[in-house]
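# have a look; sequence and predicted model below, questions after that.
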2 protein chains.
Amino acid sequence: MTYCIGMVLDEGVIMAADTRTNAGVDHVATFPKLFTFENTGERIIIVATSGNLATSQRVISLLKQQIDREEPVNLYTCDSLFQVAELVGSTLLASESHYRSNNPMSGVDFSSNFLVSGQILGHEPEMYHIYPEGNFIRTCQDTPFFQIGESKYGKPILDRIITTETPLNQAMKCALISFDSTMHSNLSVGMPIDIVIYRRDSLEVKIERLEQDDRYFNRLARAWGGGLRQLFDQLP
Amino acid sequence: MTYCIGMVLDEGVIMAADTRTNAGVDHVATFPKLFTFENTGERIIIVATSGNLATSQRVISLLKQQIDREEPVNLYTCDSLFQVAELVGSTLLASESHYRSNNPMSGVDFSSNFLVSGQILGHEPEMYHIYPEGNFIRTCQDTPFFQIGESKYGKPILDRIITTETPLNQAMKCALISFDSTMHSNLSVGMPIDIVIYRRDSLEVKIERLEQDDRYFNRLARAWGGGLRQLFDQLP
């Protein structure tokens, strides 16, 4: 499985994705599921994927190929992030259909989910959750975060903490706690974690990787686990 | 949906179940999902159900009918809780098959999951998770709790706190926090909550109901929510 979080906040955008993939418990591997596209100073786009890895990788490859071949419609020619979402949605649906029509009798689930966020110069940052059907929804003031993959274990802490006013560093801390809870309860989500902290209007983006032995993450996880037990013991 | 927790601890057995049922969001109702059977001084059996309500209720009715009609095999004649689990499993499977064979073309999911726990005089307390297929697993020293229904939101806190050595009152506190997290993140789980705190070897059992306005539960939920935010703010 997979776990990805995306948030659109007043200060900018947070995205985080684990890197564990599994095709059965005897076929576990590490693959990136967080990707960035940057047209220097003009736009940045961040994409997180869950679901069928072959489908997700095909979509990312096609999106890159459209840019490389300078096709009329590509991630860098879209006028808005809404159009970017339309492009990713149609590329996703085409990829799933491609594999499905090649394997009409197969029971394999070829579907994927995407989170697409970013900012275009002169526009607000936005984020879309793109469903396997190619349709999508956008974050809003009331619901500033999306999750894809194994989302349930780590949802309670996000529900309690995250609003659009949450500062970027606090939001990333909350995302990491959400990952820690998920990884405690579900083996299919695992380190390393890829993260992006995008500051609004900077139009610069960089993926950072938290490795298994990351000192801050481990300190945070220990402090959270210990604090939870202490809090629990103090309760009436 | 539903959320039920069961634990077998050194001091006894904890079971808890919400009471919300929904057949679509416009058909929400309150039904008990926690049931007890008591043969005074000789055995107590506690059953929690999730899944199709008609199937669950049919199984409970059949189990009661077997006792009332003094059938040779009923909950009070089984030699062990293993046999009790076999009886519940076969009754469950028969009920599902009954509805399925009556509706061969229906897409309705007639399946249910059961937690069955209790104690028979001279035996240890035990708990079984009975699957829709009629097979089942038992708790053990390493895994002393089971969940059925919407189990993911509330699993992290159980994973962190519960061992067989957890005292009954602490375990019930943890169960209630797990319910609070689940109800925060999922509307299909709701108050009131039915609970059983069974002290080992007492062979007496009583269901207590925590209503929406339960003072202790609300105080606990506020203290937990406030404490979490405070803990979060203090983290590095």
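In hand now; what should we look at?
# quick one: contacts for A:Glu133?
Neighbour list for A:Glu133: A:Leu93 [criterion: C-beta atoms under 8 Å, 6 or more residues apart in numbering or on different chains]. Yep, even glycine has a C-beta here, placed from its N, CA and C like the rest.
# report the closest residue of chain A relative to chain B.
At 3.4 Å from chain B, A:Lys152 is the closest residue in chain A, using C-beta to the nearest C-beta.
# ok, and the closest non-adjacent residue to that residue?
Among residues not flanking A:Lys152 along the chain, B:Lys152 sits closest, at 3.4 Å (C-beta to C-beta, 6 or more residues apart in numbering or on different chains).
# secondary structure class of that neighbour, three-state.
Classification of B:Lys152 using DSSP: H, G, I helix; E, B strand; the rest coil returns coil.
# hmm, A:Pro156 and it touching each other?
No - counting by C-beta atoms under 8 Å, A:Pro156 is not a contact partner of B:Lys152; they are 9.9 Å apart.
# next SSE downstream of the helix or strand hosting A:Lys64?
In this structure, A:Lys64 sits in helix A:53-68 according to DSSP states H and E. Next along the chain after helix A:53-68, taking DSSP H and E as the criterion, comes helix A:81-102.
# how about the residues of chain A near chain B?
Residues of chain A lying close to chain B by C-beta under 8 Å from any C-beta of the partner chain are A:150, A:152-157, A:159-161, A:173-174, A:177, A:181-182, A:184-185, A:216, A:219-220, A:223-225, A:227-229, A:231-232, A:234-236.
# write the PyMOL selection for whichever of those are buried.
Buried subset of the residues of chain A next to chain B, written as a PyMOL selection, criterion 16 or more other C-beta atoms under 10 Å in any protein chain shown:
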select buried, chain A and resi 150+152+153+154+155+156+157+160+161+173+174+177+181+182+184+185+220+224+225+227+228+231+232+235
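# in helices, which of the residues of chain A next to chain B fall?
Of the residues of chain A next to chain B, the ones assigned to helices by DSSP state H are A:155-157, A:159-161, A:173-174, A:177, A:181-182, A:184-185, A:216, A:219-220, A:223-225, A:227-229, A:231-232, A:234.
# okay, which residue is most central for chain A?
By C-alpha atoms, centre = their mean, chain A has its centre lying nearest to A:Ala48, at 3.4 Å.
# that one in helix, strand or coil?
A:Ala48 - assigned by three-state DSSP - is strand.
# what's the first-to-last distance across stretch A:113-129?
From its first residue to its last, stretch A:113-129 covers 7 Å (C-alpha to C-alpha, to the nearest Å).
# return the distance of that stretch from the chain's centre.
Centroid separation for stretch A:113-129 versus its chain: 12 Å, with C-alpha atoms, centre = their mean, to the nearest Å.
# on the three-state scheme, A:Thr36 is what?
Applying three-state DSSP: A:Thr36 is strand.
# and the closest residue to it other than its chain neighbours, what does it touch?
Using C-beta to C-beta, 6+ apart and skipping the chain neighbours, the partner closest in space to A:Thr36 is A:Val205 (4.9 Å). Taking C-beta under 8 Å, 6+ apart as the contact definition, A:Val205 lies against A:Thr36, A:Glu38, A:Ile44, A:Ile46, A:Gly118, A:Val196, A:Tyr198.
# now do A:Val205, the pLDDT please.
pLDDT for A:Val205: 96.
# repeat that for A:Pro104.
For A:Pro104, the predicted pLDDT is 85.
# now for the residue lying closest to A:Thr30 once chain neighbours are set aside: which residues touch it?
Closest residue to A:Thr30 apart from its sequence neighbours, by C-beta to C-beta, 6+ apart: A:Thr19 at 4.8 Å. Contact analysis of A:Thr19 by C-beta under 8 Å, 6+ apart lists A:Thr30, A:Phe31, A:Pro32, A:Lys33, A:Gly190, A:Met191, A:Pro192, A:Ile193, A:Asp194.
# and these, which are buried?
So, by 16+ other C-beta under 10 Å, the buried ones in the contacts of A:Thr19 are A:Pro32, A:Lys33, A:Gly190, A:Met191, A:Pro192, A:Ile193, A:Asp194.
# helix/strand/coil for the first one?
By that I understand A:Pro32. Put simply, A:Pro32 is coil when judged by three-state DSSP.
# check contacts around it.
A:Ala17, A:Thr19, A:Asp194, A:Ile207.
# among those residues, which are in helices?
Applying DSSP H to the contacts of A:Pro32, no entry is found in helices.
# would TSV of these with distance to B:Cys78 be doable?
TSV is the format used below for those (distance: C-beta to C-beta, whole Å):
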residue	distance to B:Cys78
A:Ala17	50
A:Thr19	49
A:Asp194	53
A:Ile207	59
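# check what pLDDT A:Phe35 gets.
We have a pLDDT of 97 for A:Phe35.
# A:Ile67 against A:Val73, yeah?
No - judged on C-beta under 8 Å, A:Ile67 makes no contact with A:Val73 at a distance of 10.5 Å.
# what does the pLDDT read for A:Asn73?
Check again: residue A:73 is Val, not Asn. Looking at A:Val73, its pLDDT stands at 97.
# could you do A:Ile161 as well?
Model confidence at A:Ile161, given as pLDDT, is 93.
# can you tell me which residues contact it?
Contacts of A:Ile161 were listed using C-beta under 8 Å, 6+ apart, and they are A:Gln170, A:Cys174, B:Arg229, B:Phe232.
# who touches A:Gln170 in this structure?
By C-beta under 8 Å, 6+ apart, the neighbours of A:Gln170 are A:Ile161.
# which strand or helix spans it?
For A:Gln170, the element it lies in under DSSP H and E is helix A:168-185.
# so for that helix, mean pLDDT?
Here the average pLDDT along helix A:168-185 is 94.
# just want the angle from that helix to helix B:168-185.
Orientation of helix A:168-185 against helix B:168-185 (axes from the mean of the first three to the mean of the last three C-alpha atoms, to 10 degrees) gives an angle of 120 degrees.
# thinking again about what came up before, distance check, the residue nearest to A:Thr30 against A:Ile161.
In this view, A:Thr19 and A:Ile161 are 24 Å apart by C-beta to C-beta, to the nearest Å.
# swap in A:Gln83?
Taking C-beta to C-beta, one finds A:Gln83 at 32 Å from A:Ile161.
# nearest residue to A:Thr49 other than its sequence neighbours?
Sequence neighbours aside, A:Ser56 is the residue nearest to A:Thr49 in space, at 3.8 Å (criterion: C-beta to C-beta, 6+ apart).
# the one you found: neighbour count?
25 (other C-beta atoms under 10 Å in any protein chain shown).
# which pLDDT value goes with it?
95.
# the one 3 residues further on now?
Confidence per residue is given as pLDDT, and for A:Val59 that number is 97.
# ok, now which ones touch it?
Contacts of A:Val59 by C-beta under 8 Å, 6+ apart are A:Thr49, A:Val88, A:Thr91, A:Leu92, A:Ser95, A:Ser112, A:Phe114.
# what about 7 Å?
A:Val59 makes contact with A:Val88, A:Thr91, A:Leu92, A:Ser95, according to C-beta atoms under 7 Å, 6 or more residues apart in numbering or on different chains.
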